[in-house]
Each structure stands twice: as structure tokens, then as C-alpha cells.
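A.B. asks: Curious how this folds, go ahead:
(one chain, ligands or ions: 1)
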Amino acid sequence: MKTLKCPICGSEPHYEKSPMWHGSHGYHDCYRHDFTCPTCKLLESGADDVSRVEEKTSYDQAIKNWNDKVKKVSKFLKNKEKDKVEEQKMIDRFQWIQTPDGTYILIDTWNDKVVEGAPTYTTSSTNSSDSLKKWGHTDDTKRN
Ligand SMILES: [Zn+2]
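C.D. replies: Residues are numbered from 1 along each chain as shown. You can find the predicted model right below:
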């Protein structure tokens, strides 16, 4: 099975295998298989072999989990029609936010930052958006 590239920045994922025990603690002889994007560090997925005997099975599962997440997020990013965005504003840690000029930008909800390199798109209708308040843009005028 081949791993798909990161849907945000297009990088090949970085693979890491880590033991799930430390001394006598944890799950002895069990490993975690993790895939993370080494460039934007926004996407990660993996699997462990705690409930699986075969290490290869859990490794394959980790690839499948990563690929599933890549497919899910890239489908989300391609939902450029307004009604589809309204339907699903959020996936994983990512959220579409509409700016006052009608442009949708992608926010990383874990640190409330704009995802650099992610697609944006503009709709013709400009609705006022409550979600912008959370992001802090509309508060600027009050401070002056
Ligand atoms: Zn990436």
C-alpha cells in the first residue's frame, strides 16, 4: 500500500515507529505506527498493534488511516460551492471562516491560525459572519 501526499502542502508523510512500553509499563512488544506531515505538520494519523498480533497488519492499518484522512480532508478542501461549505464548515482540526469580503479561508482550530498554502475561495454573496468574532477580526474597532 502506498501513502498519499499531504492534502494541504503536498509533502510525502513521515513515518515513525515507536514502542508503546517503557520498562515494565505500557504494552510490551507493541508498537505505534505514525504518519505525520513533515512540512506543514498539520496532518497526522496512525495505528497501533495493541489489539493486533501481526505488526504488518497494524502498519497497513496506519497507512489506511492516513490515506483515509488525506482523502477526507482533500474532499473537504475541494468543496468550493457555497452550500457545501455551509453544510460542512469543519473537519478534523480545520475550519472554513468567511471574511467580510466573502472569501473563505481555512483556519487551524488548534492554534486559531490561518493555514498557509491552503486554498481559499470567494463567494459573491457577503453574509455577515458570527464566526469572525471568535477569530478576533471584528474586535479591532472596539479597542480604538
Ligand atoms: Zn503538509
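
A.B. asks: Any buried residues in whichever strand or helix holds Tyr31, and which?
C.D. replies: If you go by DSSP states H and E, Tyr31 is part of strand 25-36. For strand 25-36, a neighbour-count test (16 or more other C-beta atoms under 10 Å) marks Cys30, Tyr31, Arg32, His33, Asp34, Phe35, Thr36 as buried. Quick note: C-beta positions are derived from backbone N, CA and C, even for glycine.

A.B. asks: Contacts only, for the residue lying closest to Asp60 once chain neighbours are set aside.
C.D. replies: Spatially, and ignoring its direct neighbours in sequence, Asp60 is nearest to Met1 (5.8 Å; C-beta to C-beta, 6 or more residues apart in numbering). Shown in contact with Met1 (C-beta atoms under 8 Å, 6 or more residues apart in numbering): Asp60, Ile63, Lys64, Asn67.

A.B. asks: Reformat the buried residues of strand 25-36 as JSON lines; add distance to the ion and pLDDT.
C.D. replies: Formatted as JSON lines, the buried residues of strand 25-36 follow (distance: C-beta to the ion, whole Å; pLDDT from 0 to 100):
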{"residue": "Cys30", "distance to the ion": "28", "pLDDT": "90"}
{"residue": "Tyr31", "distance to the ion": "24", "pLDDT": "91"}
{"residue": "Arg32", "distance to the ion": "20", "pLDDT": "94"}
{"residue": "His33", "distance to the ion": "18", "pLDDT": "95"}
{"residue": "Asp34", "distance to the ion": "14", "pLDDT": "97"}
{"residue": "Phe35", "distance to the ion": "11", "pLDDT": "97"}
{"residue": "Thr36", "distance to the ion": "9", "pLDDT": "97"}
